[in-house]
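Colleague: below are the sequence and a predicted model; questions follow.
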Amino acid sequence: MSTSDLDTDEVQVDEASLEGRRSTRRLSRLLIGGSLATVLAVVAVVAVLLRPAGNSTEAVPTQDSVDAGFARDMAIHHQQAVELSFIVRDRTGDEDVRRLAYDVINTQANQRGMLLGWLDVWGLPKSSQEPPMSWMGHDMSGMKGMAGMNGMDYMPHDGSLMPGMATNTQMDQLRNATGKTAEILYLRLLTAHHMGGIAMSEAAAEMAKTEQVRRLAQGMVDSQRAEIKVMADMLKQRGATA
């Protein structure tokens with residue numbers, strides 16, 4: 001699925017959507033060298049479009065729903081993880097790090113295609129005038145590890161729109177690093193990225209109304225927790241910590 005399909009004329013440009021579109025253009029250029037990830041994303045979207053929605057009485061998510069907000073924000077969040085992984089792929093020859101990067105590229109490009117595909121099925125725009133994570137402004141005090149958390153508490157800065165996202169400065173540092181230095185920086189950035197993504201996914205797994213969104217969100221939580229453990233070991237092998 002080509003990211004140039006983003007509906008850029010559907011909403012007024014705000015800081016979050018503008019940064020998201022800029023990142024999308026960068027990602028499109030990167031995906032020229034990652035045809036496998038693109039194919040996986042397209043296959044995922046086709047599968048979602050052809051699959052029954054589940055409960056026929058399940059209401060279609062609305063513009064301001066948790067389901068739609070999670071789909072939009074996680075698509076942007078995943079977008080950066082894929083970009084980070086393409087960068088490190090070309091900055092190191094270490095097979096373990098490159099294998100992890102390929103796994104992230106394939107998995108998160110696939111999931112991103114699903115998220116954007118759902119928005120199409122629901123007839124909803126892929127961008128919003130609302131601040132990132134505003135859908136997490138609901139009462140989450142009863143959720144494990146989420147006491148006092150409000151999605152609108154995070155202040156976007158230097159290209160980091162949501163918790164865990166790398167800043168533009170950090171992205172540039174990764175682009176300029178090589179070898180072991182690049183490996184350590186990537187593992188640290190991706191660990192933080194996963195931690196931010198897990199918090200969002202846990203909220204969606206708890207609050208989303210549609211079964212497929214809850215299922216995907218929980219799958220993200222489980223897989224990214226496992227990857228964090230793997231990355232901790234990889235950092236230790238390199239004499240570093242997250």
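Modeller: Looks like it arrived, so ask away.
Colleague: burial of His77, as a residue count?
Modeller: The tally of other residues near His77 (other Cβ atoms under 10 Å) stands at 28. Using the backbone N, CA and C atoms, a C-beta is placed for each residue, glycine as well.
Colleague: name the helices or strands packed onto the helix or strand it falls within?
Modeller: For His77, the host element (DSSP states H and E) is helix 66-89. The elements that helix 66-89 packs onto, with contact taken as 3 or more Cβ pairs under 8 Å, 6 or more residues apart in numbering; DSSP states H and E, are helix 15-30, helix 95-122, helix 168-176, helix 179-207, helix 211-237.
Colleague: now these in JSON lines, with mean neighbour count, mean pLDDT and distance to Val60?
Modeller: Shown next, in JSON lines, are these (neighbours: other Cβ atoms under 10 Å; pLDDT from 0 to 100; distance: least, Cβ to Cβ, whole Å):
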{"stretch": "helix 15-30", "mean neighbour count": "17", "mean pLDDT": "49", "distance to Val60": "22"}
{"stretch": "helix 95-122", "mean neighbour count": "20", "mean pLDDT": "98", "distance to Val60": "5"}
{"stretch": "helix 168-176", "mean neighbour count": "15", "mean pLDDT": "98", "distance to Val60": "36"}
{"stretch": "helix 179-207", "mean neighbour count": "21", "mean pLDDT": "97", "distance to Val60": "17"}
{"stretch": "helix 211-237", "mean neighbour count": "16", "mean pLDDT": "98", "distance to Val60": "12"}
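Colleague: distance to Leu161 added to the ones you listed, as TSV?
Modeller: Shown next, in TSV, are those (distance: least, Cβ to Cβ, whole Å):
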stretch	distance to Leu161
helix 15-30	5
helix 95-122	15
helix 168-176	11
helix 179-207	10
helix 211-237	18
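Colleague: on that earlier part again, restrict the helix holding His77 to CA atoms and write it as PDB.
Modeller: This file holds the C-alpha atoms of helix 66-89, laid out as PDB (Å, rounded to 0.1, in the frame of the first residue of the first chain):
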ATOM      1  CA  VAL A  66     -10.800   5.200  20.500                       C
ATOM      2  CA  ASP A  67     -10.600   2.800  17.600                       C
ATOM      3  CA  ALA A  68     -10.100   5.500  15.000                       C
ATOM      4  CA  GLY A  69      -7.700   7.500  17.100                       C
ATOM      5  CA  PHE A  70      -5.600   4.500  17.800                       C
ATOM      6  CA  ALA A  71      -5.500   3.500  14.200                       C
ATOM      7  CA  ARG A  72      -4.300   7.000  13.100                       C
ATOM      8  CA  ASP A  73      -1.800   7.500  15.900                       C
ATOM      9  CA  MET A  74      -0.300   4.000  15.700                       C
ATOM     10  CA  ALA A  75       0.100   4.300  12.000                       C
ATOM     11  CA  ILE A  76       2.300   7.300  12.500                       C
ATOM     12  CA  HIS A  77       4.100   5.700  15.400                       C
ATOM     13  CA  HIS A  78       4.800   2.500  13.400                       C
ATOM     14  CA  GLN A  79       5.900   4.700  10.500                       C
ATOM     15  CA  GLN A  80       8.900   6.000  12.500                       C
ATOM     16  CA  ALA A  81       9.900   2.500  13.700                       C
ATOM     17  CA  VAL A  82      10.100   1.400  10.100                       C
ATOM     18  CA  GLU A  83      12.100   4.400   9.200                       C
ATOM     19  CA  LEU A  84      14.500   3.900  12.100                       C
ATOM     20  CA  SER A  85      15.000   0.300  11.000                       C
ATOM     21  CA  PHE A  86      15.700   1.200   7.400                       C
ATOM     22  CA  ILE A  87      18.300   3.600   8.600                       C
ATOM     23  CA  VAL A  88      20.200   1.200  10.900                       C
ATOM     24  CA  ARG A  89      20.100  -1.500   8.200                       C
END
